[in-house]
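>>> build me a structure from this.
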Amino acid sequence: MTRLWTLRESVTVHASAEAVYAAVTDLRNMARWSPECIGIRRLGGGPVAEGARFLGFNRKGPFVWFTDCRVTVARASQEFAFHVGAFGLPVASWGYLIEPDGPDAVRVTEYWEDLRTGRGSRLTDLLGRVFSGTRPADRAGVNRAGMRATLGRLRTAVESTQAARG
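Sure, this is the predicted structure:
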């Protein structure tokens, strides 16, 4: 099986771009939606803007690990992205694109890029296997399933909030 280095998954959400962006940038939601993320801890205060840092706490089966994350893109109602690292080494880039999709909906695309290349990649591959129990060649498949679950939960949460505000 060839290792995939990037993925994109999309879903249509019947809500405003502002509502989706607000939900995605409320980092606590990651623990509600993601099958792997069990918690987020912001480092520093203020709005979630480019340069903001947070720790992600993750679990897959018996494996638990944390990552150091830095927001790289924070364009209101358009895109939110962050880089993930472990022990000072780059691991991945994650993000959400929000684009119009009809009069009352947006298309939300979650994207992932594996940054475990070049110097230090063997170590980050090993750390990924030790902490998450996932072989590097299998990471894209695990992430694709997780992205689909996350996007489905995001859609349900945002649409139900929109419906309640009616």
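
>>> is the residue nearest the centre of the chain bridged to anything, and to what?
Using Cα atoms, centre = their mean, the residue of the chain that lies closest to the mean C-alpha position is Trp94, 4.9 Å off. On the basis of DSSP bridges, Trp94 is bridged to Phe82, Trp112.

>>> confidence score at it?
For Trp94, the model assigns a pLDDT of 98.

>>> now for the worst-scoring helix or strand of the chain on mean pLDDT, which elements pack on it?
One helix or strand of the chain scores below all others by mean pLDDT, DSSP states H and E: helix 121-132, with a mean of 78. Helix 121-132 sits against strand 63-75, strand 79-86, strand 89-100, with contacts defined as 3 or more Cβ pairs under 8 Å, 6 or more residues apart in numbering; DSSP states H and E. To be clear about C-beta, it is placed using only N, CA and C from the backbone, and glycine gets the same treatment.

>>> put together CSV for those, with distance to Arg122 on each row.
As requested, the helices and strands packed on helix 121-132 are exported to CSV (distance: least, Cβ to Cβ, whole Å):
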stretch, distance to Arg122
strand 63-75, 18
strand 79-86, 13
strand 89-100, 10
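
>>> please identify which of those is closest to Pro47.
Using Cβ to Cβ as the measure, strand 63-75 is the one of these that comes nearest Pro47, at 8.1 Å.

>>> just checking: what are the partner strands of that closest one?
Applying DSSP bridges, one finds strand 63-75 paired with strand 53-60 (antiparallel), strand 79-86 (antiparallel).

>>> which of those strands is buried the deepest?
Most buried of those by mean neighbour count (mean count of other Cβ atoms under 10 Å) is strand 79-86; its value is a mean of 19.

>>> mind checking the pLDDT average for the longest helix along the chain?
Taking DSSP state H as the criterion, the chain has its longest helix at helix 139-165. On average, the pLDDT along helix 139-165 is 94.

>>> give me the angle between that helix and helix 121-132.
60 degrees (axes from the mean of the first three to the mean of the last three Cα atoms, to 10 degrees).
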